[in-house]
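1. Coordinates only, no sequence provided:
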């Protein structure tokens, strides 16, 4: 195991200063990530053998310090040299005093041993410390063994005091392709009733990590099922046992299909190259794309053969997706695009054999604020979530949709109205109640291809207004005087 962890120069200077007054250790996720061969993004330092004030004085020369965590023995230092932020803390004891994620009494204890300090951490692989000067790994709970086996195992029975740790297991399993130790799954099941104690913003924090950082997202759903925590997310729980026709879905029920789809979406370039918002949108849309199936699935005749079918599951899934998003505390601006992607995720299987300009314009409009690019990614994940079936015909249809949308410049945006109120004003009409119906009709005509630019739109508008007036519309009270 390499011991030459490359630390930023400003952090190294802080560690040198802290070493003169205490015993610094690198702890937590940064050590875990380094041992996994990943570049650590966060460096947390635990310093034993020193009191809070002395530690603070040692760190002040290196940048601004935030001592808001004084009662927890935590000092945040923003480096004057780089602007990077590092957490320095004292070892501490914790005792449960009440319900919920925050129901703890925390007592910093500079004299705490490495083993006792590590015992308060959630999983053994997060309880490994590193001496930054000798390279020695301090691993009293055998975290390296579990890391090698890719197993999440609770460090101590104190794990049960914080229900948020179950959701940490959910997202860590998905991020690093870990499985859950059987005894840890048992412990999680015993504390399943404490889920309502969690603030919804903390619940979203763990779902957000799953949605933006997962490498094998299906692992997270497996953890929820193994621990009995799937019950807290009934829209997902209902997928288990919902049948699918084996000819089209040899992989199994809708829950299993969804797991495969989730693992497929993180392999797409749209997700890999996407920013955090794009990743959240695609992951949650794929998770929710078949939420409507449990309520719509039946064994019925289709083309002369008895099959498991789910007619209307796309529109049925839209409201359920929104309910789920509210349940996990997602930002409100995800409701509309996720719902639109769920409701339209089979658009490539319905309608004409070829995509027309009109159908693609109308699809882009229905999707907004999601885009056809987003929809194509959800469609591809859905198509790839049916192993061992391959779907070259489906991917060809998606390619056709994207080609048409690209030609219409609609891959990443919905069509915008060409004709606006100012065009009616230019024809001599005052703004009023009749503007909206006329402009709505103009937009529908634009979507149908009646015109594609402003000049053509004005020709259409004059003819349309003239026809309306000839048909008895009263514009006189709206017409500009004189």
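-> Cool, the structure landed. In this text, all values refer to a predicted model and were calculated from it rather than measured experimentally. Numbering: from 1, shown residues only.
2. could you point out which element follows the strand or helix carrying residue 32?
-> Assigned by DSSP states H and E, residue 32 belongs to helix 29-35. Downstream of helix 29-35, the first helix or strand assigned by DSSP H and E is strand 44-48.
3. circling back to that earlier point, can you give the contact residues for the helix holding residue 32?
-> Applying Cβ atoms under 8 Å, 6 or more residues apart in numbering, the contact partners of helix 29-35 are 1, 5, 39-44, 125-126, 128-130, 137, 143-144, 147. For every residue, glycine as well, the C-beta is placed using N, CA and C.
4. domain assignment for this structure?
-> Domain assignment for the chain by automatic domain parsing gives 9-152, 163-232, 239-407, 421-470.
5. most packed of those domains?
-> Of all the domains of the chain, domain 163-232 carries the top mean neighbour count, a mean of 20, counting by mean count of other Cβ atoms under 10 Å.
6. how far does that domain stretch from start to finish?
-> Length of domain 163-232, first residue to last, Cα to Cα, to the nearest Å: 13 Å.
7. same check, this time on stretch 30-39
-> 8 Å.
8. Centre of the chain to that stretch, how far?
-> 23 Å (Cα atoms, centre = their mean, to the nearest Å).
9. Could you tell me the model confidence score at residue 191?
-> Residue 191 is assigned 96 on the pLDDT scale.
10. If you drop the residues flanking it in sequence, what lies closest to it?
-> Sequence neighbours aside, residue 160 is the residue nearest to residue 191 in space, at 5.0 Å (criterion: Cβ to Cβ, 6 or more residues apart in numbering).
11. now swap in residue 5 and tell me
-> residue 34 (5.6 Å).
12. From residue 144, how far out is the one you found?
-> 12 Å (Cβ to Cβ, to the nearest Å).
13. you'd agree residue 310 is up against residue 292?
-> Yes: counting by Cβ atoms under 8 Å, residue 292 is a contact partner of residue 310 at 7.3 Å.
14. so where's the protein shaky on pLDDT?
-> 1-4, 69, 94-106, 351-353, 473-482 (pLDDT under 70).
15. where along it do the strands fall?
-> 23-27, 44-48, 63-69, 74-79, 85-89, 92-96, 104-108, 129-130, 137-138, 151-152, 179-180, 298-302, 305-309 (DSSP state E).
16. Can you give me every residue that contacts the spatially closest residue to residue 454 that is not a sequence neighbour?
-> Leaving aside its chain neighbours, residue 454 sits nearest to residue 418 (5.7 Å; criterion: Cβ to Cβ, 6+ apart). By Cβ under 8 Å, 6+ apart, residue 418 lies in contact with 442, 446, 451-454, 457.
17. As a markdown table, these with distance to residue 20 would be great.
-> Shown next, in a markdown table, are the contacts of residue 418 (distance: Cβ to Cβ, whole Å):
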| residue | distance to residue 20 |
| --- | --- |
| 442 | 75 |
| 446 | 73 |
| 451 | 77 |
| 452 | 73 |
| 453 | 73 |
| 454 | 73 |
| 457 | 75 |
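18. Just the closest of those residues to residue 269, please.
-> Distances from residue 269 to those, taken as Cβ to Cβ, are shortest for residue 452 (30.9 Å).
19. and the gap between the closest one and residue 131?
-> For residue 452 relative to residue 131 (Cβ to Cβ), the value is 69 Å.
20. what's the spatially closest residue to residue 189 that is not a sequence neighbour in contact with, if anything?
-> Closest residue to residue 189 apart from its sequence neighbours, by Cβ to Cβ, 6+ apart: residue 228 at 4.4 Å. Each residue near residue 228 by Cβ under 8 Å, 6+ apart is listed here: 188-189, 192.
21. between those, which is nearest residue 233?
-> For the contacts of residue 228, the nearest to residue 233 is residue 192 (11.9 Å; Cβ to Cβ).
22. Need phi/psi at the residue nearest to that closest one when sequence neighbours are not counted.
-> Leaving aside its chain neighbours, residue 192 sits nearest to residue 228 (4.6 Å; criterion: Cβ to Cβ, 6+ apart). Dihedral angles of residue 228 (phi, psi; degrees, to the nearest 10) stand at phi 80, psi 10.
23. Renumber starting at 243 from here on
-> In the new count, where the first residue is 243, that last one comes out as residue 470.
24. From residue 500, how far off is residue 470?
-> In terms of Cβ to Cβ, residue 470 sits 19 Å off from residue 500.
25. ok, now residue 324?
-> 42 Å.
26. Could you do residue 549 as well?
-> Residue 549 sits at a distance of 20 Å from residue 500 (criterion: Cβ to Cβ).
27. Over to residue 568?
-> Relative to residue 500, and taking Cβ to Cβ, residue 568 is found at 20 Å.
28. And residue 484, by the same measure?
-> Note on residue 484: its distance to residue 500, by Cβ to Cβ, is 10 Å.
29. and what of residue 325?
-> Counting by Cβ to Cβ - residue 325 and residue 500 are separated by 41 Å.
30. Settle this for me: the residue nearest to residue 433 is touching residue 429, isn't it.
-> Yes: with contact defined as Cβ under 8 Å, residue 402 and residue 429 form a contacting pair (5.7 Å).
31. Distance-wise, check the closest residue to residue 451 other than its chain neighbours relative to residue 635.
-> Nearest residue to residue 451, sequence neighbours excluded (Cβ to Cβ, 6+ apart): residue 413, at 4.3 Å. Counting by Cβ to Cβ, the separation of residue 413 from residue 635 is 35 Å.
32. From residue 459, how far out is residue 419?
-> For residue 419, the distance to residue 459 (Cβ to Cβ) stands at 10 Å.
33. Likewise for residue 714?
-> 59 Å.
34. do the same with residue 476
-> 19 Å.
35. Could you do residue 471 as well?
-> From residue 471 to residue 459 the distance is 16 Å (Cβ to Cβ).
36. and if you look at residue 681?
-> For residue 681, the distance to residue 459 - Cβ to Cβ - is 43 Å.
37. One more: residue 561?
-> 23 Å.
38. Please apply the same query to residue 626.
-> Using Cβ to Cβ, residue 626 is found at 13 Å from residue 459.
39. Could I get the phi/psi values of the closest residue to residue 359 other than its chain neighbours?
-> Using Cβ to Cβ, 6+ apart and skipping residues adjacent in sequence, the residue nearest residue 359 is residue 333, 3.8 Å away. With angles defined as degrees, to the nearest 10, residue 333 sits at phi -60, psi 150.
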